[in-house]
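1. just to be clear, the model below is a prediction. Sequence and coordinates:
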Amino acid sequence: MSKRVFDIIFKTKGLNKAIGGVKGLGSGLLKLTKGVGLAGAGVAALSVKLAGDFQKSLKEVGTLMGGLNDKQLKQMSKELRVLSQSSGLALSSLAKSKYDVVSAGFSDAAESARILSATTKLAVGGVTSAANAADILTTSLNAYGFEASRVNDVSDILFTTVKLGKTTMDELGASMGKVLPVARSADLSFEGVGAAMASLTAGGISTAESTTALRGALIALTAPADAAKKEMAKAGIEAKRFEDGSLDLFNTIAQFEGMDPAALRKFIPDIQASVAISALSQNIEGLGDNLRDFGERTGATEEAFGDMMGTFNNQMLSLKNSSQSIMIEIGDQIIKAILPSITRANKALQELGAIGFDEVAKRLVENFDKIKMIVVQSASIIKDELILVGMKARNSLPWWLGGGKDEVQDAIAMQQQSINASVNLIKTLVDSVVQDVTNPPELTTENWGEWGEDMETIMAELDPGPI
């Protein structure tokens, strides 16, 4: 009855179309309950939440990529869910990483997909988050001007740096950006940076200090100040180069092997830079070993990823993500079914707001007297229905318990007639309210106190007492 009364109240010029939109939401939800009968209410609600959040993430990435059509969004959805299932990484984190990859300048669909795939493997194999893996990969690619096709090799270098050094992928991610631009300017290869960082951190220097020290060392070696440059020339010390012009880190550092700190400071006056050169030169064999090991880096990330995915926890995460992928599919279907109705409802509420909720409230107040009569009659029907149920129950009893008598049957018939009469009265009242709201007269506001007292009386009368 409440829905019917709601309809009646707003049957006035300018509101019919709006209320139709709100009613559409109800019909959409009805379709929902029929369409997802296999899923429980809790599963349906969670599915809609997962699908809605995921849909929003896809749209955000699509906006950065210049706008994607439905087919492209569907392809991206599949890409992310497959990676989530195969890696055990949360779908939300992969969606955010996809956004970060595209934000870093890799907006081509194939490029971003390649980098995101490498991101998942580095995150799992390197025991870090998808966000950090995406950040350090894109930072490295951009710092060295590499194409996306180099991402797997970059990942292997980063992983090998962690493997050979005493650092973590998180620590590298927080610090590598300091040294990479200088390393590229010095023409030191990316694997050369990795080998130096592995040696420095393995020697007990923190990751942050190592990046700062290596940065200073590369500047001091390739672009020394005038005084240091003269001293280096006198001693025959210079930055050694390979035939292709890139910096030969091993032979450059080897020139300082066995040099005491005082002598070193003549060539490398910067304290932090001298720390890096001293540490590397004192363990020149270790630097050489690291450089050779980096030559066998290919597949390092993939191997670590395979090992980590064999663990129970990651397999359980993969199973969880597979389940969520199924739920997102369910949620997509639910959203597809009810989105038109929700859209209409929002539009309807906006129209009501444009008309003025004060006007809607006015119609409510002006028709309280007749609406109250409808409620009173509805309550009366409920009361009579309760009595009727009791009578019918009594009529079903054997005669020796007072059931099945003519007077009981007659009472039942009379009670049914009373209910029918109440229903007809409600119909009459409804027609009257429709007429008055369509052409509202100047009515006075019903007293709220009297309304409350009347409702208390109605509720008290709902108790039919013993039958």
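-> Everything's here; your move. Computed from a predicted model, the values in this text were never measured in an experiment. Numbering: from 1, shown residues only.
2. now stretch 71-88: buried residues?
-> Residues of stretch 71-88 classed as buried: Leu73, Met76, Ser77, Glu79, Leu80, Arg81, Leu83, Ser84, Gln85, Ser86, Ser87, Gly88 (neighbour count, 16 or more other CB atoms under 10 Å). C-beta: built from backbone N, CA, C; applies to glycine.
3. cool, and stretch 262-270?
-> Buried residues in stretch 262-270, defined by neighbour count with 16+ other CB under 10 Å: Leu264, Arg265, Lys266, Phe267, Ile268, Asp270.
4. which residues touch stretch 249-257?
-> For stretch 249-257, contacts defined as CB atoms under 8 Å, 6 or more residues apart in numbering pick out 188, 192, 195-196, 221, 237-240, 264, 267-268, 277-278, 280-282, 284, 287-288, 291.
5. give me phi/psi at the nearest residue to Ala279 once chain neighbours are set aside?
-> Leaving aside its chain neighbours, Ala279 sits nearest to Gly203 (5.0 Å; criterion: CB to CB, 6 or more residues apart in numbering). Dihedral angles of Gly203 (phi, psi; degrees, to the nearest 10) stand at phi -80, psi 0.
6. what's near enough to touch Gly203?
-> By CB under 8 Å, 6+ apart, Gly203 lies in contact with Ala279, Asn283, Gly286.
7. now the last one: how far from Ile219?
-> Right, Gly286. Using CB to CB, to the nearest Å, Gly286 is found at 23 Å from Ile219.
8. repeat for the first one
-> Using CB to CB, one gets 17 Å for the distance from Ala279 to Ile219.
9. could you do Ile330 as well?
-> Relative to Ile219, and taking CB to CB, Ile330 is found at 58 Å.
10. tell me which of these two has more neighbours.
-> Just comparing Ile330 and Ile219: by other CB atoms under 10 Å the higher neighbour count belongs to Ile330, 19 against 16.
11. give me the element that one is part of.
-> helix 312-355 (DSSP states H and E).
12. average pLDDT for that helix?
-> Mean pLDDT, helix 312-355: 72.
13. over to stretch 132-140?
-> Mean predicted confidence for stretch 132-140 is 96.
14. follow-up on the earlier one: let's see the PyMOL selection covering just the buried ones among the contacts of stretch 249-257.
-> Written as a PyMOL command, the selection of buried residues from those, which uses 16+ other CB under 10 Å, is:
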select buried, resi 188+192+195+196+221+237+239+264+267+268+277+278+280+281+282+284+287+288+291
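15. burial count for Ala414?
-> To be clear, residue 414 is Met; Ala isn't right here. 11.
16. what residues are up against it?
-> Applying CB under 8 Å, 6+ apart, no residues qualify as near Met414.
17. what sits against Gly310?
-> Gly310 neighbours (CB under 8 Å, 6+ apart): none.
18. use 837 as the first number from now on
-> Right, with 837 as the first residue, what we last looked at is Gly1146.
19. for it, give its distance to Ala1140.
-> Gly1146 is 11 Å from Ala1140, by CB to CB.
20. phi and psi next, for Asp1080.
-> phi -80, psi 0.
21. wait, Leu994 sits on Thr1003?
-> No: Leu994 is beyond contact range of Thr1003, at 10.4 Å (criterion: CB atoms under 8 Å).
22. which of these two has more neighbours?
-> Taking neighbours as other CB under 10 Å, Leu994 and Thr1003 compare with Leu994 leading, 28 against 23.
23. am I right that the more buried one falls within a helix?
-> Yes: assessed with DSSP: H, G, I helix; E, B strand; the rest coil, Leu994 lies in a helix.
24. quick one, what contacts it?
-> Contact analysis of Leu994 by CB under 8 Å, 6+ apart lists Leu958, Gly962, Ile972, Leu973, Ser976, Met1005, Leu1008, Gly1030, Thr1137.
25. in the strand or helix carrying the first one, which residues are buried?
-> Secondary structure assigned from DSSP H and E places Leu958 in helix 945-961. For helix 945-961, burial by neighbour count (16+ other CB under 10 Å) applies to 947-961.
26. show me what it is packed up against.
-> If you count contacts as 3 or more CB pairs under 8 Å, 6 or more residues apart in numbering; DSSP states H and E, helix 945-961 packs onto helix 906-923, helix 927-939, helix 966-980, helix 987-1000, helix 1136-1145.
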